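Peer 1: Give me coordinates for this.
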Amino acid sequence: MNIFADIRALVIAALDDMVSAGQLPEGLDTANVAVEPPRDPGHGDMATNAAMVLAKPAGQKPRDIAEGLAAKLVADDRIAAANVAGPGFINLKLSGEVWGGLVGAILAEPGYGRSAMGAGSRVNVEFVSANPTGPLHVGHTRGAVFGDALAALLEYSGHQVTREYYINDGGAQVDVLARSVFERYREAMGHVPLIEEGLYPGDYLVAVGEELAERVGEEWIDQPEDAWLDEVREYAIGKMLDMIRSDLAALGVKMDVYSSEKALYGTGQIEAAIDTLRGKGLIYRGTLEPPKGKMPEDWEPREQTLFKSTDYGDDVDRPIMKSDGAWTYFAPDIAYHYDKVTRGFDQLIDIFGADHGGYVKRMKAAVSALSDGKVPLDIKLTQLVRLYKNGEPFKMSKRAGNFVTLRDVVDQVGADVTRFVMLTRKNDAPLDFDFDKVLEQSRENPVFYVQYASARINSVLRKAAGAGLPTEGVPGLEDAAELAVAKKLAEWPRLVEIAARTHEPHRVAFYLYELASDFHALWNRGNDAPELRFVQEGDAEATSRKIPLARAVHVVISAGLGILGVTPAEEMR
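Peer 2: Numbering: from 1, shown residues only. The predicted structure follows:
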């Protein structure tokens, strides 16, 4: 059930009647006709812009259309009042029976709020994709939570989603990893490790070196690098991926696919992707203009192999091959996205850190060119997370060497709190994560506030059952505070579709906080007005009218927390 969609359908039907009656011309496009909550709740329950949208194409004054439309709408039993406001907006007040029926529908309808909007379209969400050189840090944590919640939101709205991790195992950083592990191997064999500048100093490699020593003993101690580099690299990458999978599991994230950058080399996949662009006339030899702003001292004009990305909205064309004939970093990324296109996805979504902002236009250009504009790519950037504890910036992790790890955060506050807090800001806004505040039991802590609503409802159900009172019944909404909660519940299906369409899972967290706020306000009203309490002691009939609203709130909070990957609270300790 989606009341906003139902009332919009009523508006469209009324407009069709006006066309049939000759009050409106035929052929009007109603795609932009909307029914949504009014900006001021005092104006009604819903508002429609139909008259404003259709006035110009109909060649009529918006208020004239609005008055005719309002007269038709108020004839429906669901509409208690339809008032024309301003130049032609229509404010609608729904009958009380609608809200009671909504609560009953939420309890009777499995998956209230789920949407078929996605129509089974296949979406690839690539996120985290950290270099396999160490544990995930707090920036990866935000990207992991955002990507996983977005994937769940898209699934909830009817898409088929693949969660994917791109392993950057084809660059020089994995050779640095291998050399770092080799030094820890030497350390395990009783030698002093030479952790030179540029190597990874974190203690997390100590155990890896010890395990390697157990496997090969003295075999590589006095051998030149070319005798051990390849094997140590593969061993080290495997160990790092085990660590990364474990870190993600601690956060409640499970990938469907792990794709390797290295697997693109020597297999013809990079060449095939570039040849596809070449066949479209998009690869050429040319010389780029010097960078704008301060001129680098080592810059000199040189002919390069370039992708004509400016044909697809990029600022400059992009090199795909170095002067020595090796591929640039961009070339395997093109091939990787070409692979995703050829796998038949209808849409691609990449979750990048804020430092990858310069990659957005070129990557979108490549996907547009490779798919002939048929497969959209949306790139979401996650901004920095600032950590605080005891009023001070959180200190760096000794284990990681120079950053705070995902495990540091989860071990401090738990996966549920970590996930919810990471979604309390839009992805492209910086986020402050205060270890003290996120554990506070107050309204200022959104995690607690939503979980407290869930726990309170469970306590209501236990209390009613313990007193032999019904936990089900026919809802009756008799107070403004009860109606406010029901109206907020009505927004859930609409919110899901908006959040899924805009790829903004933080909207779910915001909505849950607002719903919890309305629920707690009703609860507090019950402290002063006992007749509003959900459990009416000694009165089974009154309890059966009150308690369905609490159960409906629990249904929606549980669904929303499920999207965020957070477990509803049974009770608060």
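Peer 1: okay, now the domains of this structure?
Peer 2: Per automatic domain parsing, the structural domains of the chain span 3-94, 115-292+301-437, 446-564.
Peer 1: can you redo these as JSON lines with mean pLDDT?
Peer 2: Putting those into JSON lines (pLDDT from 0 to 100) gives the following:
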{"stretch": "domain 3-94", "mean pLDDT": "95"}
{"stretch": "domain 115-292+301-437", "mean pLDDT": "94"}
{"stretch": "domain 446-564", "mean pLDDT": "96"}
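Peer 1: okay, those in CSV with mean neighbour count and distance to residue 104 next?
Peer 2: Every C-beta, even on glycine, is put in place using the N, C-alpha and C of the backbone. Listed next are these as CSV, based on neighbours: other Cβ atoms under 10 Å; distance: least, Cβ to Cβ, whole Å:
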stretch, mean neighbour count, distance to residue 104
domain 3-94, 17, 13
domain 115-292+301-437, 18, 20
domain 446-564, 19, 6
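Peer 1: Could I get the ones you listed in CSV, plus columns for distance to residue 107?
Peer 2: Putting those into CSV (distance: least, Cβ to Cβ, whole Å) gives the following:
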stretch, distance to residue 107
domain 3-94, 15
domain 115-292+301-437, 19
domain 446-564, 6
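Peer 1: looking at the ones you listed, which is closest to residue 571?
Peer 2: domain 446-564 (5.0 Å; Cβ to Cβ).
Peer 1: Strands along the stretch 401-550 of the chain, start to end?
Peer 2: All strands of the stretch 401-550 of the chain, identified by DSSP state E, counting those that start in this stretch, fall at 431-434.
Peer 1: ranges for the helices of the stretch 251-400 of the chain?
Peer 2: Using DSSP state H, counting those that start in this stretch, the helices of the stretch 251-400 of the chain run over residues 269-279, 330-342, 360-370.
Peer 1: closest to residue 570 out of the domains of the chain?
Peer 2: Residue 570 lies closest to domain 446-564 among the domains of the chain, at 5.4 Å (Cβ to Cβ).
Peer 1: Just tell me which of the helices of the stretch 251-400 of the chain ends up closest to residue 22.
Peer 2: helix 360-370 (45.9 Å).
Peer 1: and the angle from that closest one to helix 330-342?
Peer 2: Helix 360-370 runs at 50 degrees relative to helix 330-342, counting by axes from the mean of the first three to the mean of the last three Cα atoms, to 10 degrees.
Peer 1: Residues contacting helix 360-370, please?
Peer 2: 273, 276-277, 280, 282, 307, 309-315, 318, 330, 333-334, 337-338, 341, 348, 350, 352, 375-377, 379, 381 (Cβ atoms under 8 Å, 6 or more residues apart in numbering).
Peer 1: redo that, cut-off 6 Å
Peer 2: Residues from elsewhere that reach helix 360-370 (Cβ atoms under 6 Å, 6 or more residues apart in numbering): 277, 282, 309, 312-314, 318, 334, 337-338, 341, 377, 379.
Peer 1: Then stretch 536-556?
Peer 2: 103, 106-107, 457, 460, 469-471, 473, 475-476, 489, 492, 519, 534-535.
Peer 1: next one: that stretch to chain centre, how far?
Peer 2: Stretch 536-556 sits 33 Å away from the centroid of its parent chain (Cα atoms, centre = their mean, to the nearest Å).
Peer 1: likewise stretch 439-457?
Peer 2: With Cα atoms, centre = their mean, you get 22 Å for stretch 439-457.
Peer 1: what about the helices in the stretch 401-550 of the chain?
Peer 2: Taking DSSP H, counting those that start in this stretch, the helices of the stretch 401-550 of the chain run over residues 406-413, 415-422, 446-466, 480-490, 492-502, 506-528, 540-564.
Peer 1: do you know which of those lies nearest residue 116?
Peer 2: Checking these against residue 116 by Cβ to Cβ gives helix 492-502 as the closest, at 10.0 Å.
Peer 1: gap between the closest residue to residue 570 other than its chain neighbours and residue 407?
Peer 2: Nearest residue to residue 570, sequence neighbours excluded (Cβ to Cβ, 6 or more residues apart in numbering): residue 458, at 5.4 Å. According to Cβ to Cβ, to the nearest Å, residue 458 and residue 407 sit 30 Å apart.
Peer 1: before we move on, back to that, now render the helices of the stretch 251-400 of the chain as JSON lines, adding distance to residue 506.
Peer 2: Formatted as JSON lines, the helices of the stretch 251-400 of the chain follow (distance: least, Cβ to Cβ, whole Å):
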{"stretch": "helix 269-279", "distance to residue 506": "34"}
{"stretch": "helix 330-342", "distance to residue 506": "25"}
{"stretch": "helix 360-370", "distance to residue 506": "20"}
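Peer 1: so which of the ones you listed comes closest to residue 3?
Peer 2: Of those, nearest to residue 3 by Cβ to Cβ is helix 360-370, at 37.0 Å.
Peer 1: could you pull out the strands for the stretch 1-150 of the chain?
Peer 2: Applying DSSP E, counting those that start in this stretch to the stretch 1-150 of the chain gives strands spanning 35-36, 46-48, 79-85, 89-94, 122-126.
Peer 1: Pipe those into TSV and attach distance to residue 302 per row.
Peer 2: Converted to TSV, the strands of the stretch 1-150 of the chain look like this (distance: least, Cβ to Cβ, whole Å):
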stretch	distance to residue 302
strand 35-36	56
strand 46-48	61
strand 79-85	65
strand 89-94	61
strand 122-126	33
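Peer 1: can you tell which of those strands is closest to residue 240?
Peer 2: strand 122-126 (18.5 Å).
Peer 1: That closest one vs helix 330-342, what angle?
Peer 2: Going by the same axes, to 10 degrees, strand 122-126 is angled at 150 degrees with respect to helix 330-342.
Peer 1: now for strand 122-126, which elements pack on it?
Peer 2: Judged by 3 or more Cβ pairs under 6 Å, 6 or more residues apart in numbering; DSSP states H and E, the packing partners of strand 122-126 are helix 138-156, strand 160-167, strand 347-353.
Peer 1: Let me know which of the ones you listed is the nearest to residue 526.
Peer 2: helix 138-156 (31.9 Å).
Peer 1: Could you give the separation of that closest one from the chain centroid?
Peer 2: 5 Å.
Peer 1: Pull that helix out as CSV, backbone CA atoms only.
Peer 2: Only the C-alpha atoms of helix 138-156 are listed here, as CSV (Å, rounded to 0.1, in the frame of the first residue of the first chain):
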residue,chain,number,x,y,z
VAL,A,138,37.8,4.5,8.8
GLY,A,139,37.4,6.1,5.3
HIS,A,140,36.8,2.6,3.9
THR,A,141,34.3,2.0,6.7
ARG,A,142,32.1,4.8,5.5
GLY,A,143,32.3,3.7,1.9
ALA,A,144,31.5,0.1,2.9
VAL,A,145,28.5,1.1,5.0
PHE,A,146,27.2,3.5,2.3
GLY,A,147,27.7,1.0,-0.5
ASP,A,148,26.1,-1.9,1.4
ALA,A,149,23.1,0.2,2.5
LEU,A,150,22.6,1.5,-1.0
ALA,A,151,22.7,-2.0,-2.4
ALA,A,152,20.1,-3.1,0.2
LEU,A,153,17.9,-0.1,-0.6
LEU,A,154,18.0,-0.9,-4.3
GLU,A,155,17.1,-4.5,-3.6
TYR,A,156,14.2,-3.3,-1.4
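Peer 1: Excluding its own residues, what touches it? List them.
Peer 2: By Cβ under 6 Å, 6+ apart, the residues outside helix 138-156 that reach it are 114, 123, 125, 127-128, 130, 161, 163, 251, 253, 351, 353, 382, 385, 404, 406, 409, 419, 422-423, 427, 499-500, 503, 505, 563-565.
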